[in-house]
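>>> starting from these lines, generate the structure:
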Amino acid sequence: MSFSSAMDPGRTFKQVLQAIAIGLIFILTCSVGVRAQSGIDVLILEADRQNVLDFKSKTLHYIDNSSEMTLDEIRAVSSEFKPIDLKFMDFGLGDFRAWLMTEIYNPPGNSHIWRLDSGRPNIRELDIFLIRENGAVEHVLHNKAQDTFNHRGIPIRTLTVDMEIPPGETARLYIGFKSNSTTSLAVSFGTPAAVIRAKAKETHIDTLVNGGLLAMVILSLLFIPIIGWRLSLAFSGYIIAGIFYVSHADGYTAQYLWPNLRINNDAINLMLMLSMSICGLFFARLLFDFKKKWPAYDRFLKAYIMFAVVFVVVAYPLIHVRPIMVIAYLVVPVCAVLQVVTGILSYRRGFLGALPYLLGACTVLISFIYAFVAHIFPGQFDLDRTLDVGHLALMAEGFAFAGAIVARMRGIQKDRDQQAQAKLIAVQDKLAMSSALRDAQKQYVEARDLSRQRREQLSSVSHDLQQPLSGLRKVITDMSFENDEAGNQMHTALDYLENLARNQFRCAPDSPRNIQSDGTIEVFPVSIVLKNAHEMFKTEAKEKGLDFRLRLLDDKVEADAVSLMRIVSNLL
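Take a look at the predicted model:
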């Protein structure tokens, strides 16, 4: 055989593939043999490990549909336990008891104290058994839903137990649990310090989020004079209900509020979820004031809110009745859907603050959809994260709702500013008109007074002219003219002057006659006025046979000469 034929590439490649196939078959056979022999992979403990151990991959599970099997019966069917071929330890909803089994080996030189955290604040039933190499059975944890918080051996918010596994020993761990809601367990296993570190981050996030939510509540209460007490209290009620819901689901309420009370945690959890949803819908109804802008939709929201409130009160003592529980779990997502519908309708109608509200409502609806899908496809989604998603969604929705309030208040303030500006302009126009009217009235009064003064002056002139005209007529009558025509002309002229003085220069009958002259005040001899008066009336006095004499005085007077002449003439 030649060298080239011995090194045939095609034949060599085929041999390599055969060798790989034989190796894979051998490995799989060995694996199956090991599985068949041991039935379980061993969880090897590492004392220097800073994080929790991979518990799920080393754990088998068994479903007890009767929920009545004892530990001995479970141990008898250990060969029927199956690997957890799910992403997460969640076996779905159902009235059954789930069992977990794993073997733990603690190498020499390690710590002998190890901690297991179930990740559940409360559960219907939880039992943890530790079976040692010598066959001794230790019931390390037994807890039921009605047990108080102080009943726990380790006083933290999740059900936790410390176990003693001596170095160099192998023990088998059985965990049996039953739940009213979900059979999900987020088990953390490792040293006490590692388990505490695993929970510390979650606690810090919860504290930060709850602190932010409480800050929003305080701000909303401080803004009552601006946004109104009804809207402020509705927003605060929604946020507070959300804080209580998340805090209760995380186990903080049982730890800090009622550690010694036996309560139905599942019922309270559902009632808080319903209360949060109702408050959110009521807040939306007030925020967009549908009562004025869309009465029909407002009546629908009001009717649904009233139904939900009545249902919360009635359903609490009957929460374990299956139909009641189903309806309760349906009311919550319907509220979330109605919030989104409200946001869409408000946005389409151009309501102020509709967009941030819609974004917040969509965030919460997404968290409900995540939880719903996680329950529909158990083990494919981390239900432990559902609460975290809901917590963050509540935080995002709170900020979004606060933004909606701010946007709405800014719009209202803008409208008020525009109305105030319009009122200010109107007032300014009225003031300008009023000022112009006052000026016109003042000018009118001045013109009227001036006209009245002129009429009074004319009336006085008319009165003053009649006397000299009368004297002039008598003088003309006594005079002899070369022809009668000249005399007639003189008399005609006098007639015209007398008629003008009598009719044209007279004031209206209702015109006042007591207005004083505005002539110049001066000092002069009174004899000047008396001489003029004597010359004016001496002819008339002579015709009437009166003795009209003048006695002159040297006295001086301070007066208006024209007014004094008028007075003396009137007296004469």
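>>> which residues in this protein form strands?
Here the chain has its strands, by DSSP state E, at 42-44, 60-64, 82-83, 97-106, 113-117, 125-131, 137-144, 160-164, 169-178, 188-190, 522-525, 556-559.
>>> tell me how far the shortest one is from the chain's mean position?
Okay, so that is strand 82-83. Chain-centre distance of strand 82-83: 52 Å, with Cα atoms, centre = their mean, to the nearest Å.
>>> quick one on the thing from earlier: from the strands of the chain, which stretch is densest packed?
strand 188-190 (a mean of 23; mean count of other Cβ atoms under 10 Å). Placement of C-beta: from N, CA and C, glycine included.
>>> quick check: which ranges of the stretch 351-500 of the chain have low pLDDT?
384-391, 394, 397, 401, 408-409, 411-412, 458, 460-467, 469-500 (pLDDT under 70).
>>> picking up where we left off before, make TSV out of the strands of the chain and add mean pLDDT and distance to residue 257.
TSV is the format used below for those (pLDDT from 0 to 100; distance: least, Cβ to Cβ, whole Å):
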stretch	mean pLDDT	distance to residue 257
strand 42-44	82	36
strand 60-64	93	34
strand 82-83	91	41
strand 97-106	92	30
strand 113-117	90	22
strand 125-131	94	22
strand 137-144	93	19
strand 160-164	92	20
strand 169-178	93	25
strand 188-190	85	25
strand 522-525	84	105
strand 556-559	88	103
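>>> tell me the span between the first and last residue of stretch 126-139.
Separation of the first and last residues of stretch 126-139 by Cα to Cα, to the nearest Å is 11 Å.
>>> got JSON lines for the strands of the chain, with distance to residue 226 too?
JSON lines is the format used below for the strands of the chain (distance: least, Cβ to Cβ, whole Å):
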{"stretch": "strand 42-44", "distance to residue 226": "59"}
{"stretch": "strand 60-64", "distance to residue 226": "57"}
{"stretch": "strand 82-83", "distance to residue 226": "60"}
{"stretch": "strand 97-106", "distance to residue 226": "53"}
{"stretch": "strand 113-117", "distance to residue 226": "46"}
{"stretch": "strand 125-131", "distance to residue 226": "50"}
{"stretch": "strand 137-144", "distance to residue 226": "49"}
{"stretch": "strand 160-164", "distance to residue 226": "47"}
{"stretch": "strand 169-178", "distance to residue 226": "51"}
{"stretch": "strand 188-190", "distance to residue 226": "47"}
{"stretch": "strand 522-525", "distance to residue 226": "75"}
{"stretch": "strand 556-559", "distance to residue 226": "75"}
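>>> and of those strands, who's closest to residue 264?
strand 137-144 (11.7 Å; Cβ to Cβ).
>>> so residue 87 sits right up against residue 380, yeah?
Yes - counting by Cβ atoms under 8 Å, residue 380 is a contact partner of residue 87 at 5.8 Å.
>>> thinking again about what came up before, nearest to residue 342, of the strands of the chain?
strand 169-178 (39.1 Å).
>>> pairing partners for the closest one, with directions?
The pairing partners recorded for strand 169-178 under DSSP bridges are strand 97-106 (antiparallel), strand 125-131 (antiparallel).
>>> got the angle for the first one vs strand 160-164?
Computed with axes from the mean of the first three to the mean of the last three Cα atoms, to 10 degrees, the direction of strand 97-106 lies at 40 degrees from that of strand 160-164.
>>> and for the last one?
Computed by the same axes, to 10 degrees, the angle separating strand 125-131 from strand 160-164 equals 10 degrees.
>>> what's strand 125-131 in contact with?
For strand 125-131, contacts defined as Cβ atoms under 8 Å, 6 or more residues apart in numbering pick out 71, 75, 97, 116, 118, 120, 137-145, 159, 161, 163, 165, 171-178.
>>> hang on, the earlier thing: among the strands of the chain, which is nearest residue 53?
strand 188-190 (5.1 Å).
>>> strands paired with the closest one, and their directions?
Counting by DSSP bridges, the strands paired with strand 188-190 are strand 113-117 (antiparallel).
>>> from the middle of its chain, how far away would the partner strand be?
When distances are taken as Cα atoms, centre = their mean, strand 113-117 is centred 46 Å away from the chain's centroid.
>>> same deal with stretch 258-275?
How far stretch 258-275 lies from its chain's middle: 28 Å, per Cα atoms, centre = their mean.
>>> can you pull the buried residues of it?
Buried residues in stretch 258-275, counted by 16 or more other Cβ atoms under 10 Å: 263-275.
>>> and what of stretch 356-376?
Buried residues in stretch 356-376 (16+ other Cβ under 10 Å): 356-368, 370-371, 374-375.
>>> touching that stretch from outside, list them.
90, 92-93, 182, 280, 284, 287, 332-333, 336-337, 339-340, 342-344, 346-347, 380-383, 386, 389-390, 393-394, 396-401, 403-404, 407.
>>> what's the ChimeraX line that selects buried ones from those?
Command for ChimeraX, covering only those of the contacts of stretch 356-376 found buried under the criterion 16+ other Cβ under 10 Å:
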select :90,92,182,280,284,287,332,336,339,340,342,343,346,347,381,382,383,386,389,390,393,394,396,397,398,399,400,401,403,404,407
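>>> which residues sit against stretch 97-104?
For stretch 97-104, contacts defined as Cβ under 8 Å, 6+ apart pick out 38, 40-43, 45, 55, 58-64, 66-67, 69, 74, 78, 81, 89, 91, 114, 125, 165, 170-178, 183, 185, 187.
>>> and stretch 161-172, by the same measure?
Applying Cβ under 8 Å, 6+ apart, the contact partners of stretch 161-172 are 42, 45, 101-116, 128, 130-133, 138, 140-141, 153-154, 173, 192.
>>> cutoff 7 Å now
The contact list for stretch 161-172, computed with Cβ atoms under 7 Å, 6 or more residues apart in numbering, reads 101, 103-110, 112-116, 128, 130-133, 140-141, 153-154, 192.
>>> show me how far that stretch is from its chain's centre.
On the basis of Cα atoms, centre = their mean, stretch 161-172 sits 55 Å off its chain's mean C-alpha point.
>>> about what we covered before: could you dump the strands paired with strand 169-178 into JSON lines and include distance to residue 210?
As requested, these are exported to JSON lines (distance: least, Cβ to Cβ, whole Å):
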{"stretch": "strand 97-106", "distance to residue 210": "32"}
{"stretch": "strand 125-131", "distance to residue 210": "27"}
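>>> among the ones you listed, which comes closest to residue 526?
Smallest distance to residue 526 across those (Cβ to Cβ): 132.3 Å, for strand 125-131.
>>> quick one: low-confidence parts of the stretch 1-150 of the chain?
Looking at the stretch 1-150 of the chain by pLDDT under 70, you get 1-40, 47-51.
>>> residue closest to the middle of the chain?
Nearest residue to the geometric centre of the chain (Cα atoms, centre = their mean): residue 405, 3.0 Å.
>>> quick one, phi/psi of the closest residue to residue 150 other than its chain neighbours?
Of all residues not flanking residue 150 in the chain, residue 259 sits nearest, at 5.0 Å (Cβ to Cβ, 6 or more residues apart in numbering). For residue 259, the backbone dihedrals (degrees, to the nearest 10) come out as phi -70, psi -20.
>>> residue 259: what's it in contact with?
Taking Cβ under 7 Å, 6+ apart, we find residue 259 in contact with 148-150.
>>> which among those residues end up buried?
Buried among those by 16+ other Cβ under 10 Å: residue 149.
>>> and which of the contacts of residue 259 is nearest residue 426?
residue 149 (66.6 Å).
>>> any idea how far that closest one lies from residue 122?
Relative to residue 122, residue 149 is positioned 9 Å away (Cβ to Cβ, to the nearest Å).
>>> one more: residue 252?
As judged by Cβ to Cβ, residue 252 and residue 122 stand 12 Å apart.
>>> settle it for me: which of the two has more neighbours?
Between residue 252 and residue 122, counted using other Cβ atoms under 10 Å, the more crowded position is residue 122 (26 against 19).
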